[in-house]
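J.: Need a 3D model of the sequence below.
(4 chains)
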Protein chains: 2
Amino acid sequence: MAGKANGRKARNGGGEITMSDIARHAGVSPMTVSRALSDPPSVSEKMRRKVDAAVRQFGYLPNRIAGSLSSKRTNVVGLVVPSIRNSLYAAMVQAISDVARANGLHLMIANSGHRLEDEEALVSALLAQRVCGLVLHNTAHSRRLRELLARTDIPVVETGNLPAKPIDMAVSYSNFDAARAMTGHLGRLGYKRIGFVTLPLRDNDRSRERRRGYFAALKELGLPADPGLVMEAPGGFAEGADALVRLVQTHPDIDACFFAGDVLAVGALFECQRRGWAVPGRIAIASFDDLDLLRHTVPTVTTLRIPRQDIGRRSAELLVNRLRGASRQKVRIDVGFEIVQREST
Amino acid sequence: MAGKANGRKARNGGGEITMSDIARHAGVSPMTVSRALSDPPSVSEKMRRKVDAAVRQFGYLPNRIAGSLSSKRTNVVGLVVPSIRNSLYAAMVQAISDVARANGLHLMIANSGHRLEDEEALVSALLAQRVCGLVLHNTAHSRRLRELLARTDIPVVETGNLPAKPIDMAVSYSNFDAARAMTGHLGRLGYKRIGFVTLPLRDNDRSRERRRGYFAALKELGLPADPGLVMEAPGGFAEGADALVRLVQTHPDIDACFFAGDVLAVGALFECQRRGWAVPGRIAIASFDDLDLLRHTVPTVTTLRIPRQDIGRRSAELLVNRLRGASRQKVRIDVGFEIVQREST
DNA sequence: CTATAGGTTGGTAGCGATACCACAGAACGC
DNA sequence: GCGTTCTGTGGTATCGCTACCAACCTATAG
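T.: The predicted structure follows:
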């Protein structure tokens, strides 16, 4: 019974089942177990069956912590988003998750809450966990974070905006171009007094780019840039409604409003329904991001379709390629956007 | 220069900066570095300063993989949800994330896509990563998964439904009670022919419980149970609209409809707006889950408020307490629900 | 002045896996 | 027929950190 695996010490104080345990019971060496599990073809049919049997019998789950330490590789991707709750990010996260899963990777998700210091702390923590890649939604980073990332050699993908100088790789659309295009679109439809409601600008390069795009388009349209037509509002239905009402009250001649973020536009639309303001008769409404919702409201809402899912998918694919050995080179993918003209304008 | 740290081998092939490196440059032992970082008060002021200086100088990030292997502890919580994309889960995930963060824990998130086999595979993978705790949204698990979880001794929280026999801990509301309460509410408002639209029932104990609650309430109300008034639909605006139209066409006498899931109710409401069906005049509409949206539509929609955030927060707190040493005992928390009566009924 | 306690520090031995090298035996060529 | 290649297997030495124990130093009491 004691067989050939005799001389080995067995003072395993009731701890977890290890590869050596499986090896002993299968009558093979630990190395063979390791190979049978991580690269089956490299092991003979006979050995593999013995190992598989022992693995099943004991319900053995290899310890990836140990594996990672030894191999200096992990199968965990880090992801930092401003808010998990927001459905925009959710679509991207889901896409990343799907690609990651298909490639045997796991996701560690962190929430920066739009705070740069938090982003820095979270990335540090993820690097301490030795993630094999990073996806950051933000592109405006703290100086220390930039230094940190410059020193690391894991792949990093930035999304959310197209930075002029990406840290490593970037997959996004241009917030500037998108906002400019929509504002231009409204102008070409004949609207003359176009309001602009933006998400908070602080620590958010995306919001700032959008505002820049709005003003650039006004200039191109030959329309006056009236700072009174620009409002900053936190994302939300009520906030969108508020912003619209205030704009209409202070600028009764306003004939269109572009809501550059979140569910602001929908909140405004509902407010119009409540007040009996015809959309687009009294005021036209345009939104940012093709929430499913906007296709179903009455009237349906003109918006910018941002391929959030593509962004997630391609980001993850870039990471996977790099992990598979693709050479390190800066990549900057513009996934573009599309204006979806609907009933509200 | 070579000092006392002389005899040590230094054939570090350009690998990562280790604790020993920091120790050498700070002129202390690796153990002191370890303590200075993980339990500062246990080290003298002088040593701590030396260590901190070296850490900052080299931008040293401790390797948590190694730390975890050595200490047999990780600071990663595993989380399996049916869909990351769905905003209901997002609210819960965010709450878990916040509590985890405040306690130095990280989140590894996986997506089961409502498939039990996938859930099983994902949990296995998370256990292989040696997560220190698990949150599962599903409560209907495969037999093999139950066995797997029975053998592990990490804390497990189930959410999404109140299982009769929790694996370990459970934090949820009763889908049965909630659906029964809303159906009863509609009955007491005087509606006689109450339709019911449910999410797919397969592999989803929550949907099945809701349907059970609906029928239980009808019985209590003394209303006939007409299977023709029940429709199964995947979640989505269009699907909700479709379901409503079909119900109205096949059962012209229907006077209320309870949409037990996702955005079905909103899709139906918009369809009514398009067709000019008065809500609740022609047909009353009730929903499940207090999406922000429902408070802003015209009319506002009667719904069930499920404290999704509380569920997340309390789940995470249970995990944290257990990790801090709370004794292992089955916990079953019913967070309840609330009927929010609004204009649509 | 010595004994004891308490608070810091350092050395050693793993944690559970994989990388790398060595080696045994089968298959092949000239 | 013997070197040569190839395939499959095992042994050994880490990977970077922490647990545990031993050693030391200072403080306090008797």
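
J.: Wait, residue A:185 touches residue A:340, no?
T.: No. Contact between residue A:185 and residue A:340 fails when scored by CB atoms under 8 Å: they sit 10.2 Å apart. No exception for glycine: its C-beta is placed from N, CA and C like everyone else's.

J.: shared neighbours of the two, which are they?
T.: Listed contacts common to residue A:185 and residue A:340 are residue A:302; contacts here mean CB atoms under 8 Å, 6 or more residues apart in numbering or on different chains.

J.: and the closest residue to DNA strand C within chain A, what element?
T.: Of all residues in chain A, residue A:34 sits closest to DNA strand C, with a separation of 2.7 Å (CB to the nearest atom of the strand). When elements are assigned from DSSP states H and E, residue A:34 belongs to helix A:30-38.

J.: for DNA strand C, what are the nearby residues on the stretch 1-150 of chain A?
T.: Taking CB under 7 Å from any atom of the strand as the contact definition, the stretch 1-150 of chain A meets DNA strand C at A:12, A:15-16, A:18-20, A:30-31, A:34, A:37-38, A:62-63, A:66-67, A:69-71, A:73.

J.: Among those, name the buried ones.
T.: When burial is judged by neighbour count using 16 or more other CB atoms under 10 Å in any protein chain shown, the buried members of these are A:18-19, A:34, A:37, A:62-63, A:66-67, A:69.

J.: would TSV of the residues you listed with distance to chain B be doable?
T.: TSV is the format used below for those (distance: CB to the nearest CB, whole Å):
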residue	distance to chain B
A:18	12
A:19	12
A:34	14
A:37	10
A:62	6
A:63	6
A:66	5
A:67	9
A:69	5
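
J.: Put together a markdown table for those residues, with distance to residue B:162, secondary structure and pLDDT on each row.
T.: Formatted as a markdown table, those follow (distance: CB to CB, whole Å; DSSP: H, G, I helix; E, B strand; the rest coil; pLDDT from 0 to 100):
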| residue | distance to residue B:162 | secondary structure | pLDDT |
| --- | --- | --- | --- |
| A:18 | 38 | coil | 95 |
| A:19 | 40 | helix | 95 |
| A:34 | 43 | helix | 96 |
| A:37 | 38 | helix | 95 |
| A:62 | 34 | coil | 97 |
| A:63 | 34 | coil | 97 |
| A:66 | 38 | helix | 97 |
| A:67 | 38 | helix | 97 |
| A:69 | 40 | helix | 97 |
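
J.: helix or strand right after the helix holding residue A:34?
T.: helix A:45-58.

J.: Would you mark the buried spots in that following helix?
T.: Taking 16+ other CB under 10 Å as the basis for neighbour counts, the residues of helix A:45-58 that come out buried are A:47-48, A:50-51, A:54-55.

J.: Closest to DNA strand D out of those residues?
T.: Ranking those by separation from DNA strand D, with CB to the nearest atom of the strand as the measure, puts residue A:47 on top at 3.9 Å.

J.: didn't residue A:229 look like it was pressed against residue A:197?
T.: No. The pair residue A:229 and residue A:197 does not pass the contact test of CB under 8 Å, sitting 9.4 Å apart.

J.: Compare neighbour counts for the two and give me the winner.
T.: residue A:197 (26 against 21; other CB atoms under 10 Å in any protein chain shown).

J.: Give me the pLDDT for the residue nearest to residue A:338 when sequence neighbours are not counted.
T.: For residue A:338, the nearest residue in space outside its immediate sequence neighbours is residue A:305; the separation is 4.3 Å by CB to CB, 6 or more residues apart in numbering or on different chains. pLDDT, residue A:305: 96.

J.: give me phi/psi at residue A:305?
T.: The phi/psi pair for residue A:305 (degrees, to the nearest 10) reads phi -90, psi 110.

J.: Report the contact partners of it.
T.: Contacts for residue A:305 (CB under 8 Å, 6+ apart) come out as A:289-290, A:337-340.

J.: Where neighbours are concerned, which of those has the most?
T.: Within the contacts of residue A:305, residue A:337 tops the neighbour count with 23 neighbours, counted by other CB under 10 Å.

J.: Which helix or strand contains whichever residue of the stretch 51-200 of chain A sits closest to DNA strand D?
T.: Relative to DNA strand D, the nearest point of the stretch 51-200 of chain A is residue A:70 (3.6 Å; CB to the nearest atom of the strand). Secondary-structure assignment from DSSP H and E places residue A:70 in helix A:64-71.

J.: Mind listing residues that contact that helix?
T.: Among residues not part of helix A:64-71, those counted as contacts by CB under 8 Å, 6+ apart are A:38, A:74-75, A:130, B:63, B:65-66, B:68-69, B:74, B:128-130.

J.: what about 6 Å?
T.: Contacts to helix A:64-71, defined as CB atoms under 6 Å, 6 or more residues apart in numbering or on different chains, come from residues A:74, B:65-66, B:68-69, B:128-130.

J.: and if you look at stretch A:153-164?
T.: Around stretch A:153-164, the neighbours that count as contacts under CB under 6 Å, 6+ apart are A:133-137, A:139, A:149, A:166-172, A:174-175, A:205-206, A:311, A:315, A:318-319, A:322, A:334.

J.: same question, stretch A:258-274
T.: When contacts are taken as CB under 6 Å, 6+ apart, the neighbours of stretch A:258-274 outside the stretch itself are A:179, A:182-183, A:196-199, A:210, A:235, A:237-238, A:240-241, A:244, A:279, A:285-288, A:297, A:301, B:296, B:298.

J.: Buried members of these into ChimeraX, please.
T.: Command for ChimeraX that selects the buried part of the contacts of stretch A:258-274, burial taken from 16+ other CB under 10 Å:
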select /A:179,182,183,196,197,198,199,210,235,237,238,240,241,244,279,285,286,287,288,297,301 /B:296,298
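
J.: The contacts of stretch A:258-274 in strands, which ones?
T.: A:196-198, A:285-286 (DSSP state E).

J.: Dump the residues you listed to CSV, plus distance to DNA strand C and pLDDT.
T.: Supplementary listing: the ones in strands among the contacts of stretch A:258-274 in CSV, determined by distance: CB to the nearest atom of the strand, whole Å; pLDDT from 0 to 100:
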residue, distance to DNA strand C, pLDDT
A:196, 54, 98
A:197, 53, 98
A:198, 49, 97
A:285, 56, 97
A:286, 53, 98
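
J.: which two in these are spaced the farthest apart?
T.: Between any two of the ones in strands among the contacts of stretch A:258-274, the greatest separation by CB to CB is 14.9 Å, found for A:198 and A:285.

J.: domain ranges for chain A?
T.: Here the domain parsing of chain A from automatic domain parsing is A:1-62, A:74-173+A:309-337, A:175-305.

J.: still on that earlier bit, which of the buried residues of helix A:45-58 are close to DNA strand D?
T.: Among the buried residues of helix A:45-58, DNA strand D is touched by residue A:47 when using CB under 7 Å from any atom of the strand.

J.: Redo the buried residues of helix A:45-58 as a markdown table? Include pLDDT.
T.: Formatted as a markdown table, the entries for the buried residues of helix A:45-58 read as follows, by pLDDT from 0 to 100:
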| residue | pLDDT |
| --- | --- |
| A:47 | 91 |
| A:48 | 93 |
| A:50 | 92 |
| A:51 | 94 |
| A:54 | 95 |
| A:55 | 95 |
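
J.: Can you lay out the buried residues of helix A:45-58 as TSV showing distance to residue A:224?
T.: As requested, the buried residues of helix A:45-58 are exported to TSV (distance: CB to CB, whole Å):
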residue	distance to residue A:224
A:47	79
A:48	76
A:50	81
A:51	76
A:54	78
A:55	73
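
J.: now for the buried residues of helix A:45-58, which pair is the farthest apart?
T.: Farthest apart among these by CB to CB are A:47 and A:55. That separation is 12.2 Å.

J.: For the helix holding residue A:34, output the C-alpha coordinates as CSV.
T.: Output of helix A:30-38 as CSV, limited to C-alpha atoms (Å, rounded to 0.1, in the frame of the first residue of the first chain):
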residue,chain,number,x,y,z
PRO,A,30,3.6,16.4,-9.3
MET,A,31,5.0,17.8,-12.6
THR,A,32,2.9,15.3,-14.5
VAL,A,33,-0.2,16.5,-12.7
SER,A,34,0.7,20.1,-13.4
ARG,A,35,1.2,19.3,-17.1
ALA,A,36,-1.9,17.2,-17.3
LEU,A,37,-4.0,20.1,-16.1
SER,A,38,-2.4,23.0,-17.9
